[in-house]
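Engineer: give me coordinates for this.
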Amino acid sequence: MFTNKPEREVASINGSSMADIAFLLLIFFLVTTTINVDTGIGVVLPPPASDDTPEVLERNMMNILVNAKGEISMDDKLVELSEVNPILIEFIDNHGIDPNLSVSPEKAIINLKTQRKTPYKIYIDMLDEVMASYIELRNKAALENYGREFHDLKPGTPQSQHIVDMYPKRVAITGVEE
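Structural biologist: The predicted model follows:
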């Protein structure tokens, strides 16, 4: 009654083409994937100093130090980040009125110094404050002269160049020893 059934072969999947499929998938993903590259901060380094570099009056230089603790010092006075913009605007836009501030916006230089262990976020926030000061001054000048904000003026036009000449960005970025 009981008959022995012949044993069946175990089912198996042929894996010889798996390597080909994996290779094709790898190529597909390499070709179709885009890699975002962080470009960093677009800062143009100044040309090397030459022998005919003019002397800079001390009053035309605003020295800003961001130390390793993230503290901000402007001309040896500790300030908060929120105080930087108004101080810079007053310094740059002095027009020779206050003898302790810059002679004119064209001669004002912002010297931003950092230490090696300065927190990166504070450094970037400080750069943003410096650039925001120039944007605010340029917008004010563009409104007074042309009735529009600076970013509304077409780049390269005589109007935008006039505003840039009135408020040139003169920012020096240096590192100091701790």
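Engineer: what about the nearest residue to Glu80 once chain neighbours are set aside, how many neighbours?
Structural biologist: Once flanking residues are discounted, Glu80 sits nearest to Ile72: 7.2 Å by Cβ to Cβ, 6 or more residues apart in numbering. Heads up, the C-betas are built off the backbone N, CA and C, glycines and all. Applying other Cβ atoms under 10 Å, we find 19 other residues in the vicinity of Ile72.
Engineer: what's the spacing between Ile72 and Phe23?
Structural biologist: Counting by Cβ to Cβ, to the nearest Å, the gap from Ile72 to Phe23 is 55 Å.
Engineer: just the CA atoms of stretch 55-70, as PDB, please.
Structural biologist: Backbone C-alpha positions of stretch 55-70 (Å, rounded to 0.1, in the frame of the first residue of the first chain) are rendered in PDB as follows:
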ATOM      1  CA  GLU A  55      48.900 104.100   4.200                       C
ATOM      2  CA  VAL A  56      45.600 103.600   6.000                       C
ATOM      3  CA  LEU A  57      44.700 106.000   8.700                       C
ATOM      4  CA  GLU A  58      43.800 104.300  12.000                       C
ATOM      5  CA  ARG A  59      40.500 106.000  12.100                       C
ATOM      6  CA  ASN A  60      39.500 104.500   8.800                       C
ATOM      7  CA  MET A  61      40.000 100.900  10.100                       C
ATOM      8  CA  MET A  62      37.300  99.100  12.100                       C
ATOM      9  CA  ASN A  63      39.000  96.100  13.800                       C
ATOM     10  CA  ILE A  64      36.600  93.300  14.600                       C
ATOM     11  CA  LEU A  65      37.800  90.300  16.500                       C
ATOM     12  CA  VAL A  66      35.700  87.100  16.900                       C
ATOM     13  CA  ASN A  67      37.600  85.100  19.500                       C
ATOM     14  CA  ALA A  68      37.500  81.300  20.200                       C
ATOM     15  CA  LYS A  69      34.700  81.700  22.700                       C
ATOM     16  CA  GLY A  70      32.500  83.500  20.100                       C
END
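Engineer: buried set for it?
Structural biologist: Within stretch 55-70, the residues that count as buried by 16 or more other Cβ atoms under 10 Å are Arg59, Asn60, Met61, Met62, Asn63, Ile64, Leu65, Val66, Asn67, Gly70.
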